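Peer 1: predicted structure and sequence below. I'll ask about it afterward.
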Amino acid sequence: MNTLDAIYNRRAVKHFDAQHRLTAEEENTLLEAAIQAPTSYNCQHWRFIILRDPALRAHICKQYANDQAQITDASMLVLFTADVKAWNKTPERYWANAPQEVGEMLVSWMGPFHEGRDWLQRDEAHRSIGMAMQTMMLAAQELGYQSCPLIGYDIDEVAKLVNLPDDHVMGPMIAIGKGIKDPWPKAGQLPLSEVAFENSF
């Protein structure tokens, strides 16, 4: 699929064929695509939790997600989290394949950029989540599947269920599978004149 076609055709689909299964190869393709997304300093903050256990999914759906059927019915359900301290965990590994002088220079910048700026560390983690999510949803579109990003769940309770480490943050989930019902018509995009400016507001 043409990239622009994938962008324009991607929609948040709410109804999935509960019997359909992705192959292991398809799941791997989606995850490998997601980790091609850019991250600041190549920190690769994202940590993906594939919620595969039907009982766990049903529990989340019923208790913590307002009975949103895509949580139980989607072929693949991925919870996006991120390590806010990734910048400080053996950072040289992020530049292992770069020329030595480039890797050393960028690793030396990472500490001063992040240290003492907890708000920035968190922001960078969430930015990385967002880019990986969009990458995965477009990859799903390319494979002929539909997707739905969702944040309408009890973040604190689900964090406990997945044993989220203290230095990680929670992001949205993505449900992926074979859609069985057309989404609503697009609600309407704001005109570019309201959102795009030149040089300043």
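Peer 2: Received, thanks. Numbering: from 1, shown residues only.
Peer 1: any weak-confidence spans in the protein?
Peer 2: Within the chain, the set of residues satisfying pLDDT under 70 comprises 1.
Peer 1: mind giving me the packing neighbours of the longest strand anywhere in it?
Peer 2: For the chain, the longest strand by residue count, based on DSSP state E, is strand 168-177. Under the contact criterion of 3 or more Cβ pairs under 8 Å, 6 or more residues apart in numbering; DSSP states H and E, strand 168-177 touches helix 70-73, strand 76-83, helix 118-142, strand 146-150, helix 155-161. Bear in mind the C-beta positions are built from the backbone N, C-alpha and C, glycine included.
Peer 1: how far does that strand sit from its chain's centre?
Peer 2: Put simply, strand 168-177 sits 6 Å off its chain's centre (Cα atoms, centre = their mean, to the nearest Å).
Peer 1: could you give me the buried positions within whichever helix or strand comes after it?
Peer 2: On the C-terminal side of strand 168-177, the nearest following helix or strand under DSSP states H and E is helix 192-195. Under the neighbour-count criterion of 16 or more other Cβ atoms under 10 Å, helix 192-195 has nothing buried.
Peer 1: my read: residue 40 touches residue 128, true?
Peer 2: Yes - using Cβ atoms under 8 Å, residue 40 is in contact with residue 128, at 7.1 Å.
Peer 1: the residue positioned nearest the centre of the chain and residue 114, how far apart?
Peer 2: By Cα atoms, centre = their mean, the chain has its centre lying nearest to residue 133, at 2.9 Å. Applying Cβ to Cβ, to the nearest Å, the value for residue 133 to residue 114 is 22 Å.
Peer 1: brilliant, that's me finished.
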